[in-house]
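Chemist: just coords:
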């Protein structure tokens, strides 16, 4: 895979999780090809990463992704329709601030992401949880919920994998333990994933 090769050229230390990165790409490509969606969650910097990943998938990242001829015909009356780009449905659960605060206030705070997974999940969806330790309670509970509902589950963690390693189908364990260093690896990893997914689905 072109973008995985580029990633490993720049970060050879990530060779240890190259197979899992490729598996994650394949899972997300299959999901998108079947019209399903990606549900992402994490805390702090990982929450910001969820927003970042969704942003790369919902619109063009490295490619323009022009709309199809069929959609162009359907949207013939829409001004600036050529500005639209084909997207991959990705929902950053940390961005759902109103419902997160309401649920945390009314119910069990650690279950906020599990609640959103339960409410939003559909056939063929994929769950992606980011946790530098792999032990973030709300992410672990969301992964358990997703797994129980039959979703494909992916985790991005530090090298131990934490509790997520025992739950998720695919675990990308980057070779670091300090939070900021794990996050520094996560960024190029998910950029490579997004770029390769885009290339596979929308490349010529």
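Modeler: Nice, thanks for sending it over. Everything numeric here is computed off the predicted structure, so don't read it as measured data.
Chemist: C-alpha only now, for contacts and for neighbours.
Modeler: OK.
Chemist: tell me which residues of the helix or strand where residue 191 lies are tucked away?
Modeler: Element membership of residue 191, judged by DSSP states H and E, is helix 179-202. By neighbour count on 16 or more other C-alpha atoms under 10 Å, the buried set for helix 179-202 is 182-183, 185-186, 188-199.
Chemist: go on, stretch 157-172?
Modeler: Neighbour count says stretch 157-172 has 157-165, 167-172 buried, by 16+ other C-alpha under 10 Å.
Chemist: Tally up the residues packed near residue 82, please.
Modeler: Counted with other C-alpha atoms under 10 Å, residues neighbouring residue 82 total 12.
Chemist: for it, what are its contacts?
Modeler: 66, 67, 72 (C-alpha atoms under 8 Å, 6 or more residues apart in numbering).
Chemist: a strand runs through the last one, doesn't it?
Modeler: No: assessed with DSSP: H, G, I helix; E, B strand; the rest coil, residue 72 is helix; it does not lie in a strand.
Chemist: Just the mean pLDDT for the helix holding residue 191, thanks.
Modeler: Taken as a whole, helix 179-202 has a mean pLDDT of 98.
Chemist: what's the answer for stretch 161-175, then?
Modeler: Average pLDDT, stretch 161-175: 98.
Chemist: what's the span of that stretch from first residue to last?
Modeler: By C-alpha to C-alpha, to the nearest Å, the extent of stretch 161-175 from end to end equals 10 Å.
Chemist: okay, now residue 33: neighbour count?
Modeler: Here the number of neighbours of residue 33 (other C-alpha under 10 Å) works out to 13.
Chemist: Show me the strands in the protein, by range?
Modeler: Remark: strands assigned in the chain by DSSP state E are 38-41, 90-92, 126-130, 152-157, 170-173.
Chemist: Tabulate those strands (CSV), appending distance to residue 54.
Modeler: Formatted as CSV, the strands of the chain follow (distance: least, C-alpha to C-alpha, whole Å):
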stretch, distance to residue 54
strand 38-41, 8
strand 90-92, 5
strand 126-130, 11
strand 152-157, 15
strand 170-173, 18
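Chemist: all helices for this protein, in order.
Modeler: Applying DSSP state H to the chain gives helices spanning 2-10, 18-33, 45-58, 69-74, 97-106, 112-120, 137-148, 179-202.
Chemist: Now tabulate those helices in a markdown table and tack on distance to residue 131.
Modeler: Shown next, in a markdown table, are the helices of the chain (distance: least, C-alpha to C-alpha, whole Å):
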| stretch | distance to residue 131 |
| --- | --- |
| helix 2-10 | 21 |
| helix 18-33 | 16 |
| helix 45-58 | 7 |
| helix 69-74 | 38 |
| helix 97-106 | 18 |
| helix 112-120 | 13 |
| helix 137-148 | 7 |
| helix 179-202 | 9 |
